[in-house]
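Peer 1: Provided below for reference: sequence and predicted model.
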Amino acid sequence: MQPEEKTIMKPGFSLSITLDAFNKRARTDDCLGQIAAISGESIRIAREMSAEKLIFKARKEQAEHLLEKGFVLEACIPGYFLGSDCYLFSKYFSDQRRNSGFWAKEDSILEEVTKLKRKPETVSLPAGYGARRAVMEDADELALLYSSVFEIYPVPMNDPEYIKKCMGKDTVFFICTFGGKIVSAASAECSTVYHNAELTDCATLPDHRQFGLMKILLSRLEKHLFENGNFCVYSIARSLSFGMNAAFHQLDYTYRGRMANNCYIFDKLEDMNVWVKNLA
């Protein structure tokens, strides 16, 4: 089930909102005008679709109003709006969605991750491996990779047509291959308006996880983004995954918060850590 993106324009305001029925959430991605009207419309839409959570990507001057309306600040992405910070607020519509059963464990994982020494970029691939930018013809094999790694994923990455749709817009995929087969992949979803990028869709087959392939892919994506003027780079990683959080920490990303029960991934609804890096 693909998320639905909507743009709403009314007297005094406009907003762009994503309706994500699969993850039982809505997300206000951008807005202009009267914040009281915008928050009210966003809440109305979220309740209308029976969302359990509403995420709001806010600017600093909107923060006080959102707090007054019962939103909670969960994370921050410095530099998201062409150099201005983005504050990730959430409003919950059910107690179950608000409460996490793994918060203390995730704090412990984060504490251990941040004790690790930051490592320089890995420049060489292990023998027998290759790395390149993915093309449309890779969509079928990418879909197989994602369906093999994730029992559940927030978006339909097991659908080749969805992957092609992403490639046709503003998403760039890089892949690692072994024996001519894709064994690891990651993507960058780029904003042509705000020149930021979200690193996402990170997956490696279990038999190939000991070689640091993901850090290689993320580093190559960073180089591509820098060369194309995308300087604010962020990622949202499973809070329970020591390996993914360690990879971002070691690549010099900074932890900027945690979003509770944010999406269905791996095998359940999970909390997600926000990691941010300024490539400039």
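Peer 2: Perfect, I can see it now. Computed from a predicted structure; not experimentally measured. Numbers count the residues shown, from 1 in each chain.
Peer 1: which parts of the stretch 101-250 of the chain are strands?
Peer 2: 129-133, 171-178, 181-190, 196-204, 232-238 (DSSP state E, counting those that start in this stretch).
Peer 1: can I get the ones you listed in CSV with mean pLDDT and mean neighbour count?
Peer 2: (Each C-beta comes from the backbone N, C-alpha and C, glycine too.) Output for the strands of the stretch 101-250 of the chain, formatted as CSV (pLDDT from 0 to 100; neighbours: other Cβ atoms under 10 Å):
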stretch, mean pLDDT, mean neighbour count
strand 129-133, 97, 14
strand 171-178, 98, 21
strand 181-190, 98, 22
strand 196-204, 96, 22
strand 232-238, 97, 24
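Peer 1: so can I have CSV of those strands showing distance to Lys115?
Peer 2: What follows is these, written out as CSV (distance: least, Cβ to Cβ, whole Å):
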stretch, distance to Lys115
strand 129-133, 29
strand 171-178, 28
strand 181-190, 25
strand 196-204, 22
strand 232-238, 17
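Peer 1: select, out of those strands, the one closest to Glu141.
Peer 2: strand 181-190 (4.8 Å; Cβ to Cβ).
Peer 1: the closest one pairs with which strands?
Peer 2: Partners of strand 181-190 in the sheet, by DSSP bridges, are strand 171-178 (antiparallel), strand 196-204 (antiparallel).
Peer 1: now do the last one and strand 232-238, the angle between them.
Peer 2: Computed by axes from the mean of the first three to the mean of the last three Cα atoms, to 10 degrees, the angle separating strand 196-204 from strand 232-238 equals 40 degrees.
Peer 1: all further residue positions should be reported with the first residue as 53.
Peer 2: Done: numbering now begins at 53, and the last item shifts to strand 248-256.
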